[in-house]
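Engineer: give the three-dimensional model of this entry:
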Amino acid sequence: MVQKKTLRMGVAGAGRMGQIHINNILETRFIAVTAVCSVIQAELDWATSTIPNVKTFTAFDDFIASDGFDAVLIVTPNHFHRDQVIASLRAGKHVFCEKPISPDTKSAWDVYYESLKFPELKVACGFPRRYAAPYVEAAKRIKNGDIGEVVALRSQTTDLIMDNDYFVNYIKTSGGIFVDCCIHDIDACLFLLGQDKTPATAYSTGTTKVFPMFKDYGDIDDGMGLVTFETGDVIMNVYGSRNNRHGHHSMTEVIGTKGRILINGQPRLINIDISDDSGTRMEGPETQMQVFGLAFKHEMEAFRDWILEGKEPNFNLKDAAKAVSIGAALMDSLHAKGIENVKLF
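Structural biologist: Purely as a prediction, here's the structure:
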C-alpha cells in the first residue's frame, strides 16, 4: 500500500474562523498546519500553544516566501484577500481562501483571472454549504432532473440576534449584509443551479428597525434581494436577517418545472420533537457551526484530496467571483434606496 502524502498548510490569520479551521485540520488525516502568520500576538501565542512544531510569522511577505508549506489557508480580514491570494499563487502555493474571495467586484475578478495563469495550482473559496450533506444530495437530484428545469431559487441566512459592541463593530466593516451574510445563499443557489449563467440585474431593499445604527454604516438588519439572469429563465431571491430570535436558520428552496426541493426547511438542531405541558417544540441551533460544522471539515478534506489525489471538488472560483458581483450589486441597489435595478456585466 502506497503511503498517502501529507498536505502542509500555512495559515494566514488565527482569529475566530482561523482557529476553527486549524482545529479541524488538527483532527484531519494527511493534512498539517506547519506555519501561522498574524500581526496579533495573542493569535500567535494561541497557535504556538495549540499546534505542534508550528513556525510563526508576523509579516505576510516572509510567511509566503517560506518553503515550509505547500498550500495557504487565508482567514484574514476580507480587504486583504485579493493581494494575499495573488501573492500566494505567485509564490507557487495552492490557496484556500475564506469567503468572500474579495470584498468588491473588481478585485474578486482580479483573483479569478489571476488564477487562470496558474493552472497547476488549486484555488478554492470556502463555502461550506457545498459540502453539507443536504445541499450535496439536493445538487445531485437537481442534476438528475428530479424536479425538471430550475426556474427559481430562494435562500436565507438568518442569524441569532447579538446586541453587543462586538457585533455592532463587526457590522461596520463587514461589507454589508448581501456580501457578508447572504453571499452564502448566493453561492448555494449558484451551486444548486449547476449552470454557468450570467447574472443580469439585481434589486434589493431592507430595514433597520432593530438596529437603527446600521443605517449609518450603509447596512441593514433585514434585507431581501432579487436577481435575474441574462437568459431570463431563472430568478433568485435571497433574504438575510441579523435579528432572528429563535436561533440560526439557513434554508434554501429550489423550484423546478416538475417539483421543488426544500433544504433545512425547519430550524432543527436535532431531529426530535419535545412535548410536555407547555406544548410541542423543537430544539433550534444558535449558530451556523451547529448546522454546518461537519461541512467545514469536509471542505478541507476535499481541498486536500483535490491537491493530493486530483479528485474533482465542489469548489468553483468563478462562482465565488460571481457571488461577490451579485452581493455587491445588491448592496448598490440598497444604497440607491431600492428605486432601481443594478445591471451586472
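Engineer: gap between the residue nearest to the spatial centre of the chain and Phe315?
Structural biologist: The centroid of the chain falls nearest to Phe127 when counting by C-alpha atoms, centre = their mean (3.5 Å). Phe127 sits 8 Å away from Phe315, taking C-beta to C-beta, to the nearest Å as the criterion. Any C-beta I mention is one placed from the backbone N, CA and C, and that applies to glycine too.
Engineer: shared neighbours of these two, anything?
Structural biologist: Common contact partners of Phe127 and Phe315 (C-beta atoms under 8 Å, 6 or more residues apart in numbering): Glu299.
Engineer: can you name the residues that contact the residue nearest to the centre of the chain?
Structural biologist: 99, 184, 187-188, 191, 299, 315, 320, 323.
Engineer: out of those residues, which is most surrounded?
Structural biologist: In terms of neighbour count, Ala323 stands highest of the contacts of Phe127 at 30 neighbours, by other C-beta atoms under 10 Å.
Engineer: wait, a helix at it?
Structural biologist: Yes - under DSSP: H, G, I helix; E, B strand; the rest coil, Ala323 sits within a helix.
Engineer: excluding chain neighbours, what is closest to Gly15?
Structural biologist: Nearest residue to Gly15, sequence neighbours excluded (C-beta to C-beta, 6 or more residues apart in numbering): Glu43, at 6.2 Å.
Engineer: hmm, who's touching stretch 297-317?
Structural biologist: 4-5, 7, 21, 24-25, 27-28, 30-31, 70-71, 94, 96, 101, 111-112, 115, 122-128, 130-132, 136, 139, 190-191.
Engineer: from the residues you listed, which land in helices?
Structural biologist: By the criterion of DSSP state H, membership of the contacts of stretch 297-317 in helices covers 21, 24-25, 111-112, 115, 136, 139, 190-191.
Engineer: reformat the residues you listed into TSV and put distance to Arg304 and pLDDT next to each item.
Structural biologist: Output for the ones in helices among the contacts of stretch 297-317, formatted as TSV (distance: C-beta to C-beta, whole Å; pLDDT from 0 to 100):
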residue	distance to Arg304	pLDDT
His21	12	98
Asn24	11	97
Ile25	9	97
Val111	21	98
Tyr112	22	98
Ser115	19	98
Val136	17	97
Ala139	21	98
Leu190	24	98
Phe191	20	98
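Engineer: on that earlier part again, of the contacts of Phe127, which pair is most distant in space?
Structural biologist: Greatest spacing in those, by C-beta to C-beta: Glu299 and Ala323 (15.4 Å).
Engineer: follow-up on the earlier one: quick check: the residue nearest to the centre of the chain vs Leu308, distance?
Structural biologist: Distance from Phe127 to Leu308, by C-beta to C-beta: 21 Å.
Engineer: how many neighbouring residues does the residue nearest to Gly15 have?
Structural biologist: 19.
Engineer: just confirm it is within a helix.
Structural biologist: Yes - under three-state DSSP, Glu43 falls within a helix.
Engineer: that one: what's it in contact with?
Structural biologist: Contacts of Glu43 (C-beta under 8 Å, 6+ apart): 13-15, 18, 36.
Engineer: now swap in Glu114 and tell me
Structural biologist: 85-86, 89.
Engineer: distance of it relative to Asp221?
Structural biologist: Distance of Glu114 to Asp221, computed by C-beta to C-beta: 35 Å.
Engineer: quick one: low-confidence parts of the protein?
Structural biologist: The chain contains residues with pLDDT under 70 at 1-3, 337-345.
Engineer: circling back to that earlier point, in helices, which of the contacts of Phe127 fall?
Structural biologist: Short answer: those in helices (DSSP H) are 184, 187-188, 191, 299, 320, 323.
Engineer: just give the closest residue to Phe60, not the sequence neighbours.
Structural biologist: Cys37 (5.7 Å).
Engineer: I'd say the one you found and Thr56 touch.
Structural biologist: Yes - if you go by C-beta atoms under 8 Å, Cys37 and Thr56 touch, sitting 7.3 Å apart.
Engineer: those two: which has the busier surroundings?
Structural biologist: Cys37 (28 against 17).
Engineer: so what's that one up against?
Structural biologist: Contacts of Cys37 by C-beta under 8 Å, 6+ apart are 10-13, 56-60, 63.
Engineer: let's see 7 Å
Structural biologist: Each residue near Cys37 by C-beta atoms under 7 Å, 6 or more residues apart in numbering is listed here: 12, 57, 60, 63.
Engineer: next one: Met331
Structural biologist: 176, 178-179.
Engineer: those residues in helices, which ones?
Structural biologist: Per DSSP H, the contacts of Met331 map to helices at 178-179.
Engineer: kindly indicate which of the contacts of Met331 lies nearest Val210.
Structural biologist: The closest of the contacts of Met331 to Val210 turns out to be Gly176 (C-beta to C-beta; 16.2 Å).
Engineer: verify the stated contact: the closest one with Asp221.
Structural biologist: No - assessed by C-beta atoms under 7 Å, Gly176 is found out of contact with Asp221, at 11.7 Å.
Engineer: who has more neighbours, the two?
Structural biologist: The neighbour count for Gly176 versus Asp221, taken as other C-beta under 10 Å, is higher for Gly176 (27 against 21).
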